[in-house]
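Colleague: Take a look and give me a structure for this.
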Amino acid sequence: MPEDLSAIIRKRIEAFSPRARVGEVGRVVESLDGIVRIQGLSSAMAGEMVEFSNKYMGMVFNLEREDVLAVLLGPHTAVREGDTARSTGRVMEVPVGDALIGRVVDGLGEPIDGLGPVKSGKFRPVERLAPGVVDRLPVIQPLQTGYKLIDALIPIGRGQRELIIGDRVTGKSVMALDTILSQKGQNVICVYVAIGQKESTVVQLIETLKEYDALAYTIVVSAGASDPASLQYLAPYAGCAMAEEFMFSGRDALIVYDDLTKHAQAYRMISLLLRRPPGREAYPGDVFYLHARLLERAAKLKQELGGGSLTALPLIETQLGDVTAYIPTNVISITDGQIFLETDLFNAGVRPAVNVGISVSRVGGKAQVPAMRKIAGRLRLDLAQYREKQAFSLFATEVDEETKRQLHRGALMVEVLKQGKYQPLPVEDQVIVIYAAAQGYLDNVPVAQTADFERRLTGFVRRTDPELLPLLKELAPPAEERLGKLILQFKEAYSVAP
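Modeller: Below is the predicted model:
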């Protein structure tokens with residue numbers, strides 16, 4: 001027995017090969033307000049992860065002659081002077097992959113939902129170059145938001161960057177959330193990045209996603225208002241890396257940044273602590289690049305690269321509707337269009353409170369289903385005439401019959417395009433309602449009865465001719481004729497209240 005034991009020990013000793021692990025260790029010489037000055041990391045890279053002696057992580061921001069400045073990704077008091085900092089040799093990265101779907105994580109990809117660790121063995125750097133022009137395809141595949149007004153007049157395509165902009169409490173977050181709910185069954189993975197939000201707001205969002213079975217295809221990245229500015233800065237890049245994993249694997253992804261105003265404010269705070277010179281409106285000069293390198297990563301890839309797409313919906317909060325401020329104009333110039341939500345419309349009960357006049361999609365009808373492209377032109381014309389005539393009719397003592405007709409039709413269109421929150425409509429129902437309104441079938445329906453009429457109409461068409469539904473996306477002449485007959489049939493049976 002002792003001979004066997006000695007033979008085993010001898011074999012182990014012979015098989016042992018010493019492996020030296022070389023690492024670079026520095027010393028913290030200053031730690032103030034989450035900014036850590038480290039000496040001794042002469043080989044550090046910009047954006048590199050450094051690990052402190054208490055296991056908290058930092059991210060290198062400034063490379064100076066004698067030392068480096070890192071931003072602490074944790075509580076401001078976690079690191080003190082004299083602590084050690086170890087170089088990891090890796091740029092900032094987060095876990096990615098299917099294991100994150102249905103989870104709530106922080107800006108480092110660490111779970112905060114109490115459901116245990118994320119079992120993902122794959123990581124992606126939070127910062128990477130956006131796909132080049134030759135790697136992209138034109139944006140032509142629609143991404144349905146479930147809103148009649150958006151899908152008809154301001155269509156969004158897969159791979160597009162569409163800004164949602166407006167004052168506080170005008171329905172920006174609800175619009176983004178409804179768009180996520182509308183992706184159910186559409187094979188789109190969604191990533192919702194909450195930046196600087198109250199924890200109670202994020203919890204409410206998660207409960208809504210659970211209620212509508214949307215968390216099953218959604219990742220929530222949360223950097224709350226109580227989190228350090230460093231995590232609020234990092235969160236959108238981390239969320240983008242998670243979404244990119246699906247794009248590069250040939251799938252479609254949607255990412256919501258809620259909102260980039262708070263992201264810019266977090267970066268301003270970090271920059272001032274790093275003593276970077278402020279520029280316009282006290283923001284650092286590179287704040288445009290901050291959002292440009294984030295949003296440019298949204299793309300529709302060519303087939304050789306998998307054909308996946310990443311659609312970005314950034315949110316921006318304005319002050320008193322001022323879209324000419326520094327951060328709003330920055331993001332407007334980066335994105336492919338904007339949806340402007342107006343406080344006056346919101347207060348007047350118009351939901352969604354979209355100002356059609358200055359809202360635009362630069363992709364246009366290319367990202368629409370053919371049926372919507374066919375019937376939406378008349379809708380925009382009626383709305384434009386209504387806005388113009390409505391302004392003049394306020395000052396006119398007498399209004400002629402033609403103007404009255406246009407005013408009624410415009411009010412009808414506004415009513416048709418109204419939609420409550422968490423009620424996204426499938427594109428077939430949208431085509432039925434908008435076709436009926438654009439062709440004048442609703443002209444003799446009182447405005448107050450419009451919602452009831454459209455609800456019953458869509459139900460009637462679905463019950464009476466279910467085989468027509470798949471044909472509504474194209475709306476070829478035979479399908480259009482069948483739809484017209486069904487609407488007339490419904491109108492004969494529908495009773496208009498006096």
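
Colleague: use CA for all of it now, contacts and neighbours both
Modeller: Will do.

Colleague: Might you report the residue contacts of C240?
Modeller: Counting by CA atoms under 8 Å, 6 or more residues apart in numbering, C240 touches 126, 255, 294, 297.

Colleague: All the strands of the stretch 101-250 of the chain, in order from the start?
Modeller: Secondary structure of the stretch 101-250 of the chain, counting by DSSP state E, counting those that start in this stretch: strands at 104-105, 122-125, 163-166, 188-195, 218-223.

Colleague: nearest to R136, of those?
Modeller: Proximity to R136 (CA to CA) singles out strand 188-195 among the strands of the stretch 101-250 of the chain, at 18.6 Å.

Colleague: Give the pairing partners of the closest one; include direction for each.
Modeller: strand 218-223 (parallel), strand 252-258 (parallel) (DSSP bridges).

Colleague: any residues touching it, and which ones?
Modeller: The contact list for strand 188-195 (CA under 8 Å, 6+ apart) reads 180, 202, 217-225, 232, 235-236, 239, 242-243, 246, 251-260, 262-263.

Colleague: If we use 7 Å, what do you get?
Modeller: For strand 188-195, contacts defined as CA atoms under 7 Å, 6 or more residues apart in numbering pick out 180, 217-224, 232, 235-236, 239, 243, 252-259, 262-263.

Colleague: Out of the residues you listed, which end up buried?
Modeller: With burial judged by 16 or more other CA atoms under 10 Å, the buried subset of the contacts of strand 188-195 is 180, 217-224, 232, 235-236, 239, 243, 252-259, 262-263.

Colleague: Pull out the buried residues from stretch 280-298.
Modeller: 283-284, 287-288, 291-298.

Colleague: Just put the strands paired with strand 188-195 in TSV and tack on mean pLDDT and distance to L73.
Modeller: Putting these into TSV (pLDDT from 0 to 100; distance: least, CA to CA, whole Å) gives the following:
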stretch	mean pLDDT	distance to L73
strand 218-223	98	11
strand 252-258	97	20
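
Colleague: Select, out of those strands, the one closest to R276.
Modeller: That would be strand 218-223 among the strands paired with strand 188-195, by CA to CA, at 23.6 Å.

Colleague: Could I have the CA atoms of the closest one written out in PDB?
Modeller: C-alpha atoms of strand 218-223 as PDB (Å, rounded to 0.1, in the frame of the first residue of the first chain):
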ATOM      1  CA  THR A 218     -36.800  40.200 -23.900                       C
ATOM      2  CA  ILE A 219     -33.700  41.100 -22.000                       C
ATOM      3  CA  VAL A 220     -33.900  44.000 -19.500                       C
ATOM      4  CA  VAL A 221     -30.700  45.900 -18.800                       C
ATOM      5  CA  SER A 222     -31.200  48.200 -15.800                       C
ATOM      6  CA  ALA A 223     -28.900  51.000 -14.500                       C
END
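
Colleague: could I get the contacts of C240 as JSON lines with distance to C190?
Modeller: Below are the contacts of C240 laid out as JSON lines (distance: CA to CA, whole Å):
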{"residue": "V126", "distance to C190": "17"}
{"residue": "I255", "distance to C190": "6"}
{"residue": "L294", "distance to C190": "17"}
{"residue": "R297", "distance to C190": "15"}
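
Colleague: Closest to Y267 out of those residues?
Modeller: Within those, the smallest distance to Y267 is 13.4 Å, found for L294 (CA to CA).

Colleague: Quick one: residues contacting the closest one.
Modeller: Y237.

Colleague: again, 8 Å this time
Modeller: 236-237, 240.

Colleague: Roughly how far does the residue positioned nearest the centre of the chain sit from R387?
Modeller: By CA atoms, centre = their mean, the chain has its centre lying nearest to V256, at 1.4 Å. Between V256 and R387 the distance is 31 Å, computed by CA to CA, to the nearest Å.

Colleague: Tell me if P95 really is in a strand.
Modeller: Yes - the assignment for P95 is a strand, going by DSSP: H, G, I helix; E, B strand; the rest coil.

Colleague: Can you name the residues bridging to it?
Modeller: With DSSP bridges as the criterion, P95 is bridged to F123.

Colleague: Based on its surroundings, how many neighbours for it?
Modeller: Neighbours of P95 under the rule other CA atoms under 10 Å: 22.

Colleague: Over to F123?
Modeller: There are 16 residues near F123, going by other CA under 10 Å.

Colleague: Report the contact partners of it.
Modeller: Counted by CA under 8 Å, 6+ apart, F123 has contacts 93-96.

Colleague: Could you rerun that using 10 Å?
Modeller: By CA atoms under 10 Å, 6 or more residues apart in numbering, F123 lies in contact with 92-97, 109, 241-242, 245.

Colleague: and what of T201?
Modeller: Contacts for T201 (CA under 10 Å, 6+ apart) come out as 194, 207, 224.

Colleague: I316 - that's part of a strand, no?
Modeller: Yes - using three-state DSSP, the assignment for I316 is a strand.

Colleague: Among the contacts of F123, which one is most surrounded by other residues?
Modeller: When neighbours are taken as other CA under 10 Å, the top entry among the contacts of F123 is M242 (29 neighbours).

Colleague: what residues are up against Q186?
Modeller: So Q186 contacts 143-144, 252 (CA under 10 Å, 6+ apart).

Colleague: and the nearest residue to F346 once chain neighbours are set aside, how many neighbours?
Modeller: Sequence neighbours aside, A353 is the residue nearest to F346 in space, at 4.9 Å (criterion: CA to CA, 6 or more residues apart in numbering). A353: 23 surrounding residues under other CA under 10 Å.

Colleague: Just the C-alphas of the worst-scoring helix or strand of the chain on mean pLDDT, formatted as CSV.
Modeller: Least confident helix or strand, the chain: helix 2-15 with a mean of 75, by mean pLDDT, DSSP states H and E. Output of helix 2-15 as CSV, limited to C-alpha atoms (Å, rounded to 0.1, in the frame of the first residue of the first chain):
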residue,chain,number,x,y,z
PRO,A,2,2.8,2.6,0.8
GLU,A,3,4.6,1.5,-2.3
ASP,A,4,1.4,2.3,-4.4
LEU,A,5,1.0,5.7,-2.7
SER,A,6,4.7,6.6,-3.4
ALA,A,7,4.3,5.5,-7.0
ILE,A,8,1.2,7.8,-7.4
ILE,A,9,3.1,10.7,-5.9
ARG,A,10,6.1,10.1,-8.1
LYS,A,11,3.9,10.0,-11.2
ARG,A,12,2.2,13.2,-10.2
ILE,A,13,5.6,15.0,-9.6
GLU,A,14,6.9,13.8,-13.0
ALA,A,15,3.7,15.0,-14.8
